[in-house]
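A.B. asks: Predicted model follows, preceded by the sequence.
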Amino acid sequence: MHAPADLTSMPGHQLRRLQQISVASFLRETQDVGLTPLQFEAMTALAREPLLDQRALACRIGLDASTLGGVVDRLADRGLIERRRTPQDRRVYLLILTSAGHALQRQVQPGVARSQARLLAPLPTPTQAQFLQMLRVLVGDLPPVAASSQTWAAG
């Protein structure tokens, strides 16, 4: 019989814990405005690239389209994004950040920056950029969420 694995030696466990810490830190900074990390990511992507359709936005932020649908609905209900039909295909909506969305995105930016800095603070400054680069390599080499989410067991 094998001894149980040490969870701290498992990258999946450590990444899940880091995700929990990241979300808690983000929410602490944005609790006054009721913004989630996924909503912030969607708004930031739309601020950088206006008029994305929902499928393109899902790809930009690494979400499956159905999960993004709920995020988009909540942002639209708050007047932070607006949907516009495309002239080429009336079934497709382009998403645009409203002026209220731009204002909120700018308002929370300093808090989000503090949250991100807290995540990296335990690492020596020269190692922080290296760590981010390693994360980019790992994320870039893994299958996209939409393709892999069907094979993952629900937690």
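C.D. replies: Here it is on my side, so go on.

A.B. asks: residues in contact with the helix or strand that contains Gln128?
C.D. replies: Using DSSP states H and E, Gln128 sits in helix 125-141. Contacts of helix 125-141 with the rest of the structure, by CB atoms under 8 Å, 6 or more residues apart in numbering, involve Gly62, Leu120, Leu123. C-beta: built from backbone N, CA, C; applies to glycine.

A.B. asks: Pop out the phi and psi values for the first one.
C.D. replies: Backbone geometry at Gly62, expressed as degrees, to the nearest 10, gives phi 70, psi 40.

A.B. asks: Now do it against Glu41, distance only.
C.D. replies: Distance of Gly62 to Glu41, given as CB to CB, to the nearest Å: 9 Å.

A.B. asks: higher neighbour count, those two?
C.D. replies: For Gly62 versus Glu41, neighbours defined as other CB atoms under 10 Å are more numerous around Glu41 (17 against 14).

A.B. asks: That one falls within a helix, correct?
C.D. replies: Yes: residue state for Glu41 (DSSP: H, G, I helix; E, B strand; the rest coil) corresponds to a helix.

A.B. asks: Tell me the spatial nearest neighbour of it, not counting adjacent residues.
C.D. replies: Leaving aside its sequence neighbours, Glu41 sits nearest to Ile61 (CB to CB, 6 or more residues apart in numbering; 4.5 Å).

A.B. asks: my guess is the one you found contacts Ala45, does it?
C.D. replies: Yes: applying CB atoms under 8 Å, one finds Ile61 in contact with Ala45, separated by 5.5 Å.

A.B. asks: Break down this protein into its strands, ranges please.
C.D. replies: Ranges of strands in the chain, per DSSP state E, are 52-53, 81-85, 93-97.

A.B. asks: Just name the most buried of these.
C.D. replies: strand 93-97 (a mean of 20; mean count of other CB atoms under 10 Å).
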